[in-house]
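1. My questions concern the predicted model and sequence given below.
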Amino acid sequence: MSKYILKRILISLATLFVILFVLFLMLEFMPGSPFNDEKLTEAQRILLNAKYGLDQPFFVRFFNYAGNMLKGDFGVSYVINKNFAVTSMVVDRFFVTIRIGLQAMILGSIVGLVLGIIAAIKHNTWVDTLCSVISIIGVSVPSYVFALALAYYVGFKMGLFPILYNPAIPEQSSVLPTIALSLFTIANVARFTRSEMIDVLGSDYVQLAQSKGIKEWKLIIKHALRNTLIPIITVMGPLLVGLLTGSMVVEKIFGIPGLGSLMVLAIQNNDYNVVIACAFIYSALYIFTMLIVDILYGVIDPRIRVAKKGA
Amino acid sequence: MTQVKDIEFKDDDFTFAHETNEKIIDKTYNTSSYAKDVWSHFIKNKGAVIGAVIIILIVIMAIVGPHLTGHTYKSIIIEHASLTPRIPFLENFGLFDGTFHGKNIYVEKGFQDIYYWFGADTQGRDIFTRVWEGTRISLIIAVTAVLIDIFVGMVYGLISGYFGGKIDMVMQRIAEILNGIPTLVIVTLLGLVLPRGIASIIFALMITGWIGMSRIARAQVLKLKEQEFILASKTLGAKNFAIIFKDILPNIFGQIIIMSMFSIPNAIFTEAFLSFVGLGVPAPMASLGSLISEGYKSMTIYPHMMMSAIIVLALLMLSLNLFADGLRDAFDPKMKQM
């Protein structure tokens, strides 16, 4: 088990390293230099390069750069907030994004689980069909289409919730984005739960429990749900990707001051340092969560633990 | 004792049990070919058939649609800006008659003979033409990207799985590391560096798309390479690459097709996402994503500008998913629960 965890950690670190290298290469080959003021003379430019370590060999610069990134020093913004430290732009937005992402994840998992369980219990009835239709629509339609529909009908036509994010009332403002983001999770979790649950409900130990006369809801919650949950952890990785991608677009639509909307803004303004900082944070977040998911999966399911030992 | 030789057989002693030489076919236990099995499985799945029909319709419209109205996707008629949808015949019933906030702008501006089926955008371009042009570009991007994915992923997976050992170890670690980078990040970074256009988007989609494909190919190879027909091939002196591409490849094609059917909607979605954040095809070219992101800017005033592209996109994604589901069940009923 510890060997498995160690291997996963090493791979994650290698991935992070590759990402840092790619980001660094991007900066290297990007047109222009940080000192492209025309008033600078050649001598001044050399002095500036020396001051900021830009005259060092390639690999020294890379390691300096990687060190800075890991310390959370992302340089300054060139366009959006001129000469403003990127780190301070990012910090507040990071928590807004995390908050909405977590809300969507929790809402999506709970609703998805409930839908999936209902569909499995009422297998092959109209309830099951309805749940399947909901989940296939949720998987097929991109989250920003939902976001636009929600913004237009619920936000604009009905006026129930603000269309644009208002930092003064974060709870109400985050309702629509959370729903829009969670639909993808709901659909996937429901689909997966349903098929797992049908399998588990057909297994011998559940039938034994049934024949002992355990009440249905108790059977589902105490006996069947546990084994259903294990494989669902595996889909958490892809779902997280969906959330990340979704958050960028949904944040833009609702004007949420989060990491995603900052990245979109930076892309449109060619503010490279900001794009790179956002990309780095997104990647680090993703790698970290995938690591946790993988390790959790090994810890929770004894079958995997044993298999991994044998391998 | 009557002697046997005295018995003489005459012509009418025997009659045929069947008059014509008909064949007796065992209807209960007849065998059917693999392709027939797949087909009959697929046809039974209503969702998949509906999906297939919608896909075909959308593809046909993507081919002929841009030529139906006489407008081109980039012709700008500024006087026609922001006209609402007006469709002949239906307008007589009060549907799509070009009214906007209770007033018929077509009549007001004196465009009695002009019809924009899906309306016109803020620059006076025909949305109908642009939607189908955009569908075409989105489909081209998705299909090309997935074809390249299949090619790269399959070669990678086949080689990695077949040779095993150290080669497999190294190749799998590389794939794992690349897989750890979120697609979103790679795609946006590439979008920044490369010039905007179809080729760049296809390239960006390809960079990460092949990994899933290679996994499936590898898993199948690992399963197949221990079987007898491979051993037979080896004994007969076949070279490694002949075995990989002639013996193993045809056997994993079903899996690969299923996987690619799931990848196409993914690619369309990623393309739409790229367009939405402003890294899509450059104007005046259109894709479904860029149409939605254009229309979204005037969503509250002119919802029609966004609606048609959204409906086509949603229908396309939905039917592709239904079709892929049906195909998977038909090819391999065992996988149904997965």
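-> Sure, I can see it. Quick caveat: nothing in here was measured; it's all calculated off a predicted structure.
2. Please make it C-alpha for all contacts and neighbour counts, starting now.
-> Fine.
3. Could you pick out the longest helix of chain B?
-> Secondary structure assigned by DSSP state H gives helix B:127-163 as the longest helix of chain B.
4. distance between the helix or strand following that one and the chain's centre?
-> Sequence order places helix B:165-180 as the next helix or strand after helix B:127-163, per DSSP states H and E. Distance of helix B:165-180 from the chain centroid (Cα atoms, centre = their mean, to the nearest Å) equals 29 Å.
5. next one: stretch B:315-329
-> 8 Å.
6. outside of it, which residues touch it?
-> A:136-137, A:140-141, B:41-42, B:45, B:47-52, B:54-55, B:58, B:258, B:261-262, B:264-265, B:335-336 (Cα atoms under 8 Å, 6 or more residues apart in numbering or on different chains).
7. that older thread, packing partners for the longest helix of chain B?
-> helix B:46-64, helix B:165-180, helix B:198-224, helix B:249-276, helix B:288-297, helix B:304-331 (3 or more Cα pairs under 8 Å, 6 or more residues apart in numbering or on different chains; DSSP states H and E).
8. Just put these in TSV and tack on mean neighbour count.
-> As requested, those are exported to TSV (neighbours: other Cα atoms under 10 Å in any protein chain shown):
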stretch	mean neighbour count
helix B:46-64	17
helix B:165-180	16
helix B:198-224	21
helix B:249-276	21
helix B:288-297	24
helix B:304-331	23
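9. possible to save these as CSV with mean pLDDT?
-> Listed next are the helices and strands packed on helix B:127-163 as CSV, based on pLDDT from 0 to 100:
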stretch, mean pLDDT
helix B:46-64, 84
helix B:165-180, 80
helix B:198-224, 82
helix B:249-276, 80
helix B:288-297, 78
helix B:304-331, 81
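10. Redo these as TSV? Include distance to residue A:177.
-> Below are those laid out as TSV (distance: least, Cα to Cα, whole Å):
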stretch	distance to residue A:177
helix B:46-64	30
helix B:165-180	27
helix B:198-224	27
helix B:249-276	17
helix B:288-297	16
helix B:304-331	18
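11. Give me the pLDDT for residue B:115.
-> Confidence at residue B:115, expressed as pLDDT, is 68.
12. again but with residue A:38, I slipped
-> 64.
13. Residue A:65 reaches residue A:24, doesn't it?
-> Yes - the pair residue A:65 / residue A:24 is scored as a contact, 7.5 Å apart, by Cα atoms under 8 Å.
14. which residues does the closest residue to residue A:27 other than its chain neighbours contact?
-> Spatially, and ignoring its direct neighbours in sequence, residue A:27 is nearest to residue A:272 (7.6 Å; Cα to Cα, 6 or more residues apart in numbering or on different chains). When contacts are counted by Cα under 8 Å, 6+ apart, residue A:272 touches A:27, A:77, A:78, A:266.
15. picking up where we left off before, and the angle for the longest helix of chain B with helix B:198-224?
-> Using axes from the mean of the first three to the mean of the last three Cα atoms, to 10 degrees, the direction of helix B:127-163 lies 40 degrees away from that of helix B:198-224.
16. Next, the buried residues of helix B:127-163.
-> Neighbour counts using 16 or more other Cα atoms under 10 Å in any protein chain shown place B:127-139, B:141-150, B:152-162 of helix B:127-163 among the buried residues.
17. Quick check on the contacts of residue A:272: which are buried?
-> The neighbour count (16+ other Cα under 10 Å) marks A:77, A:78, A:266 as buried among these.
18. what's the helix or strand for the last one?
-> Here residue A:266 is covered by helix A:259-269, with elements defined by DSSP H and E.
19. where in chain A is pLDDT low?
-> Residues of chain A meeting the criterion pLDDT under 70: A:1, A:30-39, A:51-55, A:238, A:301-311.
20. For it, which residues are neighbours of chain B?
-> Chain A comes close to chain B at residues A:11-12, A:14-16, A:18-19, A:26, A:30, A:136-137, A:140-142, A:145, A:148, A:152, A:156, A:195-196, A:241, A:244-245, A:249, A:264, A:267-268, A:270, A:279, A:282-283, A:286-287, as judged by Cα under 8 Å from any Cα of the partner chain.
21. One more pass at 6 Å, please.
-> Proximity of chain A to chain B, by Cα under 6 Å from any Cα of the partner chain, involves residues A:15, A:140, A:141, A:195, A:264, A:279.
22. I appreciate the help and will end here.
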